[in-house]
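[1] For reference, the sequence and a predicted model appear below.
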2 protein chains.
Amino acid sequence: MSQVTCDLTVSLDGFVAGPDQSMEQPLGAGGETLHCWQFQERDTNAAEVAGILEAGAYIMGRNMFAGPDEGVWPADWRGWWGEEPPYHAPVFVLTSHAHEPLVMEGGTTFHFVNDPIESVLARAREAAGGKNVAIAGGASTARQFLAAGLIDELRLHVAPVILGGGERLLDGVGELKLEPLDVRGTRLVSHLRYKVG
Amino acid sequence: MSQVTCDLTVSLDGFVAGPDQSMEQPLGAGGETLHCWQFQERDTNAAEVAGILEAGAYIMGRNMFAGPDEGVWPADWRGWWGEEPPYHAPVFVLTSHAHEPLVMEGGTTFHFVNDPIESVLARAREAAGGKNVAIAGGASTARQFLAAGLIDELRLHVAPVILGGGERLLDGVGELKLEPLDVRGTRLVSHLRYKVG
């Protein structure tokens, strides 16, 4: 059966984004440095990048689609990734803001859904056509799915960075049964893969 | 030149001890589970255990020697480790409580010092006779040495455990320049080794 995966990059002190997140600085102060491994070391981390992009459908929180500042995003807003987002698959955005699906280039379609996470997951599973479903973040969405026992594999990419503040991934997630599957590192990141539950 | 090392076991959510630390429960609620790797997987983690015990001198906070509840420990208190502690070397305990050195079996002597950390480190270096000096914890002592730029190598042993509360290692430590040196994992722990500074 297909798996529900969750890839998140965190600082060594456990933050997925730095303090003072805004439209101008969606990852907060210092948050950009978390993701250097994906850009500066794309070849050495090819397997992990492929792992992020192998899913057949994605689920994300509304801040992953639009800025954290507004309840409703501008009418012409089409996400953070330009006209051809890297997902190449259906993406379900959890939001109370009703919106027609946005069909992007390269196979990505954003669906805006306001349903219980279990229902959204069922719909994403169907859309994934036997491939994995990925919980694409942010932290609070990942926590919700973790706490509900809906994630099979948690993949943490730990950047050698101290952010000192911001949004923590694992606060309030409750008890989790975690089993390390694999660990591997490069100069800019340590990859920790866990089976959950 | 000899190195200043710091080995600490942390939960995946960044705690070195769980909530509600006391004399009866020095590692807090759930804190014992952090250290399963040292006991249940001693052979597979032999290199990391040896790394902890290779230092020529140790520095620790007072709670690593006596319970966190009291300012002054009982007169007959001789530490948490019985008559032959695992250090087999001089151990400098940071405390304002003046006390004669305690000579234990097997080469461990506890020295009780109330000096600036730089002076204690100089004394420990001399005592180490060319070997490494290890900052043995707890978290606040490690943070002090990290923040002062006095640690060369940070070795985190990440247990696949969520404690949900307790004492965090890296809160308020400030910016650190970290370079991953090595990463390796087993069923009960992921070892992350960083060069600092």
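    Received it, and whenever you're ready, just let me know what you need. Remember, predicted model here, so these are calculated numbers, not experimental data.

[2] middle-most residue in chain A, spatially?
    Nearest to the mean C-alpha position of chain A, counting by C-alpha atoms, centre = their mean, stands A:Ala136 at 2.2 Å.

[3] That one: what's it in contact with?
    By C-beta atoms under 8 Å, 6 or more residues apart in numbering or on different chains, the contact set of A:Ala136 is A:7, A:58-60, A:64, A:87, A:91. Any C-beta I mention is one placed from the backbone N, CA and C, and that applies to glycine too.

[4] Could you point out which of those is nearest to chain B?
    Checking the contacts of A:Ala136 against chain B by C-beta to the nearest C-beta gives A:Asp7 as the nearest, at 15.2 Å.

[5] ok, back up a step: mind checking which of the contacts of A:Ala136 land in strands?
    The strands, defined by DSSP state E, take in A:7, A:58-60, A:91 from the contacts of A:Ala136.

[6] out of the residues you listed, who has the most neighbours?
    A:Ile59 (30 neighbours; other C-beta atoms under 10 Å in any protein chain shown).

[7] List the contacts of that residue.
    Each residue near A:Ile59 by C-beta under 8 Å, 6+ apart is listed here: A:91-92, A:94, A:117, A:120-121, A:124, A:133-136, A:141, A:145.

[8] okay, those residues in TSV with pLDDT and secondary structure next?
    TSV is the format used below for the contacts of A:Ile59 (pLDDT from 0 to 100; DSSP: H, G, I helix; E, B strand; the rest coil):
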residue	pLDDT	secondary structure
A:Val91	98	strand
A:Phe92	98	strand
A:Leu94	96	strand
A:Ile117	98	helix
A:Val120	98	helix
A:Leu121	98	helix
A:Ala124	98	helix
A:Val133	98	strand
A:Ala134	98	strand
A:Ile135	98	strand
A:Ala136	96	coil
A:Thr141	96	helix
A:Phe145	97	helix
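
[9] What's the ChimeraX syntax to select whichever of those residues are buried?
    Only the buried entries of those go into this ChimeraX selection, using 16 or more other C-beta atoms under 10 Å in any protein chain shown:
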select /A:91,92,94,117,120,121,124,133,134,135,136,141,145
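
[10] Looking at the contacts of A:Ile59, which is nearest B:Gly30?
    The shortest approach to B:Gly30 among the contacts of A:Ile59 belongs to A:Phe145, at 22.9 Å (C-beta to C-beta).

[11] Can I get stretch A:22-32 in PDB, CA atoms only?
    The C-alpha trace of stretch A:22-32 is given here as PDB (Å, rounded to 0.1, in the frame of the first residue of the first chain):
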ATOM      1  CA  SER A  22       6.000  37.600   6.700                       C
ATOM      2  CA  MET A  23       5.100  37.800   3.100                       C
ATOM      3  CA  GLU A  24       8.600  39.300   2.400                       C
ATOM      4  CA  GLN A  25      10.300  36.700   4.500                       C
ATOM      5  CA  PRO A  26       8.100  33.600   4.400                       C
ATOM      6  CA  LEU A  27      10.700  31.400   6.200                       C
ATOM      7  CA  GLY A  28      11.400  34.000   8.900                       C
ATOM      8  CA  ALA A  29      14.800  35.400   9.800                       C
ATOM      9  CA  GLY A  30      17.600  33.100   8.800                       C
ATOM     10  CA  GLY A  31      15.100  30.500   7.600                       C
ATOM     11  CA  GLU A  32      16.500  30.500   4.000                       C
END
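
[12] ok, the residue lying farthest from the centre of chain A to A:Ala66 distance?
    Here chain A reaches farthest from its C-alpha mean at A:Ala75, the gap being 23.7 Å by C-alpha atoms, centre = their mean. From A:Ala75 over to A:Ala66 the distance is 11 Å, taken as C-beta to C-beta, to the nearest Å.

[13] Can you tell me what sits against stretch A:10-17?
    A:8-9, A:26-28, A:31, A:34, A:137-139, A:156-170, B:13-14, B:156, B:168, B:170-171, B:173, B:178, B:192, B:194.

[14] any idea of the mean pLDDT for that stretch?
    Mean pLDDT, computed over stretch A:10-17, is 96.

[15] do stretch A:180-190 as well
    Rounded mean pLDDT across stretch A:180-190 is 97.

[16] what comes into contact with that stretch?
    With contacts defined as C-beta under 8 Å, 6+ apart, stretch A:180-190 is touched by A:9, A:36-37, A:40-41, A:44-45, A:48, A:153, A:157-160, A:191-195, B:160, B:179-180, B:182-190, B:192.

[17] ditto for stretch A:88-99
    Contacts of stretch A:88-99 (C-beta under 8 Å, 6+ apart): A:53, A:55-62, A:64-65, A:71-73, A:85, A:106-114, A:117, A:120, A:123-124, A:127-128, A:131, A:136, A:141.

[18] The same query, at a cut-off of 6 Å, please.
    Under the contact criterion C-beta atoms under 6 Å, 6 or more residues apart in numbering or on different chains, stretch A:88-99 has outside partners A:56-62, A:65, A:72, A:106-114, A:120, A:124, A:127.

[19] coming back round to it: least trustworthy position among the contacts of A:Ala136, going by pLDDT?
    Out of the contacts of A:Ala136, that is A:Met64, at 91.

[20] Wait, that one touches A:Ser140, no?
    No. Assessed by C-beta atoms under 6 Å, A:Met64 is found out of contact with A:Ser140, at 10.3 Å.

[21] Tell me which of the two has more neighbours.
    A:Met64 (19 against 15).
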